[in-house]
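Student: build me a structure from this.
(chains A and B)
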There are 2 protein chains.
Amino acid sequence: AWSNTMPQGDSDAGKVKSFTCQFCHGQNGVAQKEGYPHINNQSPLYLYRAMQAYQNGERSGSYGDMMKQQLSVLNEQDLADIATYFGEQP
Amino acid sequence: AWSNTMPQGDSDAGKVKSFTCQFCHGQNGVAQKEGYPHINNQSPLYLYRAMQAYQNGERSGSYGDMMKQQLSVLNEQDLADIATYFGEQP
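Tutor: You can find the predicted model right below:
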């Protein structure tokens, strides 16, 4: 299920932790590949919820599995930091 | 699996077909509720793919099921029109 709250996120830490995200989502969250989502200027809580959905298998399929693997090593604080970083990008 | 192509979308038709979306996503795609995704200024192909993922159950859970129900009556052209409409919103 979706969390209603998220740990306090640290954008600077999120920038560091989101190194691998940039290859599809771009350094500033503007997708580099056609058909991939832009994640800049987005609700941090939504981004946090979406990442958790990938982690817990609520988002499956080829892209769901790929994202689950990408996010497998991240804990809740990491997700909050990454969500805060991208959410803040204009 | 994700489609690599989408029917040619008609934004005006999409605005009409997206009447029920506005209660969570806003008339112009800026979410009305905290923690819900903004879908304006987004890749239309991604929006199309995401909606199909809800339709085919690749996105489950409480929100996944709700979205599946919302989208259950829409065909591929409808999704393309809606994706084009919101994707174009600034």
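Student: can you list the residues of chain A near chain B?
Tutor: Within chain A, the positions lying close to chain B (CB under 8 Å from any CB of the partner chain) are A:1-2, A:4, A:31, A:34-38, A:41-43, A:45-46, A:49-50, A:53, A:56, A:58-64. Just so you know, the C-beta spots here come from the backbone N, C-alpha and C atoms, and that holds for glycine as well.
Student: where along chain A do the helices fall?
Tutor: A:11-17, A:22-25, A:44-55, A:61-71, A:76-88 (DSSP state H).
Student: quick one: contacts of the third one?
Tutor: Residues outside helix A:44-55 that contact it (CB atoms under 8 Å, 6 or more residues apart in numbering or on different chains) are A:2-3, A:6, A:9, A:39, A:59, A:64, A:67-68, A:70-72, A:74, A:79-80, A:82-84, A:86-88, B:31, B:34-38, B:59, B:61, B:63-64.
Student: repeat the analysis, applying 7 Å as the threshold.
Tutor: A:2-3, A:6, A:9, A:39, A:59, A:64, A:67-68, A:71, A:79-80, A:83-84, A:86-87, B:34-37, B:61 (CB atoms under 7 Å, 6 or more residues apart in numbering or on different chains).
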